[in-house]
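Enquirer: Sharing a sequence plus its predicted fold:
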Amino acid sequence: MGRELVRLHQALDVTMAGLRCRLAKAADSSPRPVRLPLITTLRGHGYRLEDG
């Protein structure tokens, strides 16, 4: 059970890193200035998008 939990956390970390990267790329390629949303980790609950 412990190893599976570690793998799930690693998979989620990779997914969130990819999402942050895609958001940054989209903002960089935009012809006008864009404020990126902040992705906040809610420990034990999940994630929340906040105004940047």
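Expert: Cool, the structure landed. Numbers count the residues shown, from 1 in each chain.
Enquirer: what's the residue positioned nearest the centre of the chain in contact with, if anything?
Expert: Ranked by distance to the mean C-alpha position of the chain (CA atoms, centre = their mean), the top residue is Met16 at 3.3 Å. Contact analysis of Met16 by CB atoms under 8 Å, 6 or more residues apart in numbering lists 39, 47. Quick note: C-beta positions are derived from backbone N, CA and C, even for glycine.
Enquirer: what does Arg43 give?
Expert: Neighbours of Arg43 in contact, by CB under 8 Å, 6+ apart: none.
Enquirer: now the strands for the protein?
Expert: Ranges of strands within the chain are 38-42, 46-50, based on DSSP state E.
Enquirer: now the first one and strand 46-50, what's the angle there?
Expert: Strand 38-42 and strand 46-50 are oriented at 150 degrees to each other (axes from the mean of the first three to the mean of the last three CA atoms, to 10 degrees).
Enquirer: Counting by contacts, list what strand 38-42 packs against.
Expert: Packed against strand 38-42 by the contact rule (3 or more CB pairs under 8 Å, 6 or more residues apart in numbering; DSSP states H and E) you find helix 2-29, strand 46-50.
Enquirer: got those as CSV, with distance to Thr40 columns?
Expert: Below are those laid out as CSV (distance: least, CB to CB, whole Å):
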stretch, distance to Thr40
helix 2-29, 11
strand 46-50, 5
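Enquirer: Which of those sits closest to Arg35?
Expert: Within those, the stretch nearest Arg35 is helix 2-29; the backing value is 8.0 Å (CB to CB).
Enquirer: Go through that closest one and flag the buried ones.
Expert: Judged by neighbour count (16 or more other CB atoms under 10 Å), helix 2-29 contains these buried residues: Leu23.
Enquirer: Mind checking the pLDDT average for that helix?
Expert: Here helix 2-29 scores 87 as its mean pLDDT.
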